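> Give me coordinates for this.
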Amino acid sequence: MNRFSIICMLLCVLQSGCVGMGSRVDSRNFLAREPVLGAILADLAVNDRAIEDFRGGGTFTLESPEFEARRRFRGSIKFRRPADLYVQGNHRLTNVTLFKLMCVGEEFLMEFPTAKDQSFYHLAGEEFDDLPFSVSPSDIAREMFLPEAWSELHSREVRIISTDVSDGSVLLEIGPRRNPKRRLRVVQVESSEPRWVWVRSERFSDGELIAVTEASAYNKLDGVLFPTRVDAHFPTEETRMTFSMRNIRLNTGLSDSTFDILGRARELNLEAR
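This next block holds a predicted model:
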């Protein structure tokens, strides 16, 4: 299994647990007046701040040149701010655990129960040849769950590029005008107390499009909005992942032992690499 295969598997499970069984929000076009950038960013920030941790499960599919056919998995996840992560991937039919991942910051542990000689842990960030930036599992987790620190963005870093009155969406651009790092399409999903959610994110690196993620079918759980379907495409790697999500529980208070990387590495008698 090469490095990109590991990243693909991680990305799939990361997304597999993002949504609960709350009420479906209304996605009609509520755009009745010119959108205000500050209000959009404030809504995105409020939604993110309401999540201290969550756990859940779901199913996902993966298409990649690394695999001969489309693959489907079951997944579960535990996530705690700012980027503590525990994920597990099981075979869709037999429910046999195929891999586990635990990470805190740049430290992470990959465990393959059916091939223990492939398990390892790592205590620093690693630069992958397949991607044009230094990446760790926590970097990927932040990209998928908390793509931007909305409350910390300065107004000069974000701008409205266009408004589509046909579907009520607004296109935002983040980063320098000549070299933006992200374009984000957002929509307003409620009329009484405007709530904005993102439905499409395009991530760039030095002008090259490296990731496109689309989120749809938002549900509301304890006042927090989650997408029940996410489709992620990585053009340079010709890889696509589609996620159907369920059974989310928010702010349950995850134990520190869940993220004890060194303790688990000792149990498995692993060597760092």
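
> Please make it C-alpha for all contacts and neighbour counts, starting now.
OK.

> in the stretch 1-150 of the chain, what spans have low per-residue confidence?
For the stretch 1-150 of the chain, the stretches flagged by pLDDT under 70 are 1-33, 62, 66-69, 123-143.

> Tell me which stretches of it form helices.
Counting by DSSP state H, counting those that start in this stretch, one finds helices in the stretch 1-150 of the chain at the ranges 3-15, 37-49, 137-145.

> what about dumping the CA coordinates of the second one to PDB?
Put plainly, it is helix 37-49. Written as PDB, here are the backbone C-alpha positions of helix 37-49 (Å, rounded to 0.1, in the frame of the first residue of the first chain):
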ATOM      1  CA  LEU A  37     -20.200  39.000   3.800                       C
ATOM      2  CA  GLY A  38     -20.000  39.500   7.500                       C
ATOM      3  CA  ALA A  39     -23.300  37.700   8.100                       C
ATOM      4  CA  ILE A  40     -22.200  34.700   6.100                       C
ATOM      5  CA  LEU A  41     -18.900  34.400   7.900                       C
ATOM      6  CA  ALA A  42     -20.600  34.800  11.300                       C
ATOM      7  CA  ASP A  43     -23.000  32.000  10.500                       C
ATOM      8  CA  LEU A  44     -20.200  29.700   9.400                       C
ATOM      9  CA  ALA A  45     -18.200  30.600  12.600                       C
ATOM     10  CA  VAL A  46     -21.200  30.000  15.000                       C
ATOM     11  CA  ASN A  47     -21.900  26.600  13.500                       C
ATOM     12  CA  ASP A  48     -18.300  25.500  13.800                       C
ATOM     13  CA  ARG A  49     -17.900  26.800  17.400                       C
END
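
> Just checking: what are the partner strands of the longest strand along the chain?
Counting residues, the longest strand in the chain under DSSP state E turns out to be strand 208-221. Paired neighbours of strand 208-221 in the sheet (DSSP bridges): strand 23-24 (antiparallel), strand 195-205 (antiparallel), strand 224-234 (antiparallel).

> and it, which residues are buried?
Ile210, Ala211, Val212, Thr213, Glu214, Ala215, Ser216, Tyr218, Asn219, Lys220, Leu221 (16 or more other C-alpha atoms under 10 Å).

> close enough to count as contact, the second one and Asp231?
No - shown here, Ala211 and Asp231 do not form a contact pair, counting by C-alpha atoms under 8 Å, at 10.6 Å.
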